[in-house]
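[1] A predicted structure for the sequence below; I have some questions about it.
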Amino acid sequence: MTEIERAEQRAAYGKRMEKMYKRLSKYALDPDNKKMYRGRAEQWSEYTEKWQSYHENQLAKAEKSGIIKANCEETAGNGLHNIGRIDIEKYKDICEKRIITDEVIITENRIDHIVSRRGQVFYDKYSQYFKDIIEDPDYIFKDTKENTALVSKTIVDNGESINLVLKLVVEGDDITYKNSIITAIIENKKRFSQRLRNHKPVYKKFDK
């Protein structure tokens with residue numbers, strides 16, 4: 001079993017356990033038991049978030065650090081899709097070196113990855129927001145992977161936060177490379193609140 005598969009399995013297990021303890025908390029009659037189950041659910045939620053994050057990082061690493069070359073075989077024909085342009089100033093604290101392009105792409109390979117992990121319904125519903133997320137984010141976090149940002153925006157119609165993992169191109173990289181979307185993640189209000197508690201953003205749109 002690969003590290004990617006192991007992380008995916010652990011994240012899935014954590015999610016099942018979180019749901020189980022939420023159900024136990026919901027139907028428990030004893031107040032002490034209800035409180036205990038709620039605490040267990042929160043612990044499993046943190047466990048799931050940790051392994052989901054590790055899973056995404058391993059996927060990014062497996063994709064040759066996520067930088068996609070514009071003229072490589074993978075992007076031939078219709079394999080490359082232009083998403084938009086970032087405001088480099090908002091992203092500059094992600095990298096030690098200067099970001100050399102504002103262009104953002106996504107490849108068919110990465111689209112297939114998102115669909116396989118999140119489902120076709122997810123991609124059809126949320127891909128329309130990708131341009132707005134990268135160009136007008138609510139928050140930008142520094143990912144554990146070098147020169148990689150986690151870009152967040154809350155979608156108004158359901159209150160959920162959509163996070164895009166974005167690999168940035170910096171000085172020293174091939175000038176034909178483009179910033180590229182690696183994957184997409186959805187978080188409910190509770191999970192995103194946990195992210196804000198545990199990770200300081202390098203950029204935030206609103207002063208709260």
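    Yep, that arrived.

[2] and the helices in this structure?
    Along the chain, counting by DSSP state H, helices occupy 3-27, 31-62, 88-91, 108-118, 120-126, 130-135, 189-198.

[3] can you give me the buried ones in the third one?
    Think helix 88-91. 90-91 (16 or more other C-beta atoms under 10 Å). C-beta here means a position set from N, CA and C on the backbone, and glycine is covered the same way.

[4] what's the average pLDDT for that helix?
    In this model, helix 88-91 carries a mean pLDDT of 96.

[5] for that helix, what is the distance to the chain centroid?
    18 Å (C-alpha atoms, centre = their mean, to the nearest Å).

[6] thinking again about what came up before, distance to Ser161 added to the helices of the chain, as a markdown table?
    Shown next, in a markdown table, are the helices of the chain (distance: least, C-beta to C-beta, whole Å):
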| stretch | distance to Ser161 |
| --- | --- |
| helix 3-27 | 17 |
| helix 31-62 | 13 |
| helix 88-91 | 17 |
| helix 108-118 | 14 |
| helix 120-126 | 11 |
| helix 130-135 | 10 |
| helix 189-198 | 4 |
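
[7] so which of those is nearest Val151?
    helix 130-135 (5.7 Å; C-beta to C-beta).

[8] deepest-packed of the helices of the chain, please.
    helix 130-135 (a mean of 19; mean count of other C-beta atoms under 10 Å).

[9] contacts for that one next, please.
    Under the criterion C-beta atoms under 8 Å, 6 or more residues apart in numbering, residues 83-87, 104, 106, 151-153, 162, 164, 166, 181, 184 lie in contact with helix 130-135.

[10] quick one on the thing from earlier: so which of the helices of the chain is nearest Lys205?
    helix 88-91 (9.0 Å).

[11] any weak-confidence spans in this protein?
    1-2, 55-79, 157, 207-208 (pLDDT under 70).

[12] which among the contacts of helix 130-135 gets closest to Leu196?
    Ser152 (9.2 Å).

[13] which ones are touching the spatially closest residue to that closest one that is not a sequence neighbour?
    Distances taken as C-beta to C-beta, 6 or more residues apart in numbering put Tyr139 closest to Ser152, at 4.3 Å, once the chain neighbours are dropped. Residues counted as contacts of Tyr139 (C-beta under 8 Å, 6+ apart) are 151-153, 196, 201, 203-205.

[14] can these go into JSON lines with extra columns for distance to Gln128?
    Output for the contacts of Tyr139, formatted as JSON lines (distance: C-beta to C-beta, whole Å):
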{"residue": "Val151", "distance to Gln128": "16"}
{"residue": "Ser152", "distance to Gln128": "17"}
{"residue": "Lys153", "distance to Gln128": "12"}
{"residue": "Leu196", "distance to Gln128": "25"}
{"residue": "Pro201", "distance to Gln128": "24"}
{"residue": "Tyr203", "distance to Gln128": "23"}
{"residue": "Lys204", "distance to Gln128": "24"}
{"residue": "Lys205", "distance to Gln128": "20"}
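
[15] show me which of those are buried.
    151-153, 201, 203-204.

[16] just to be sure, which of those residues are found in strands?
    151-153, 203-204 (DSSP state E).

[17] quick check, nearest of those to Asp173?
    Once C-beta to C-beta is applied, the member of those that ends up nearest Asp173 is Val151, at 19.2 Å.
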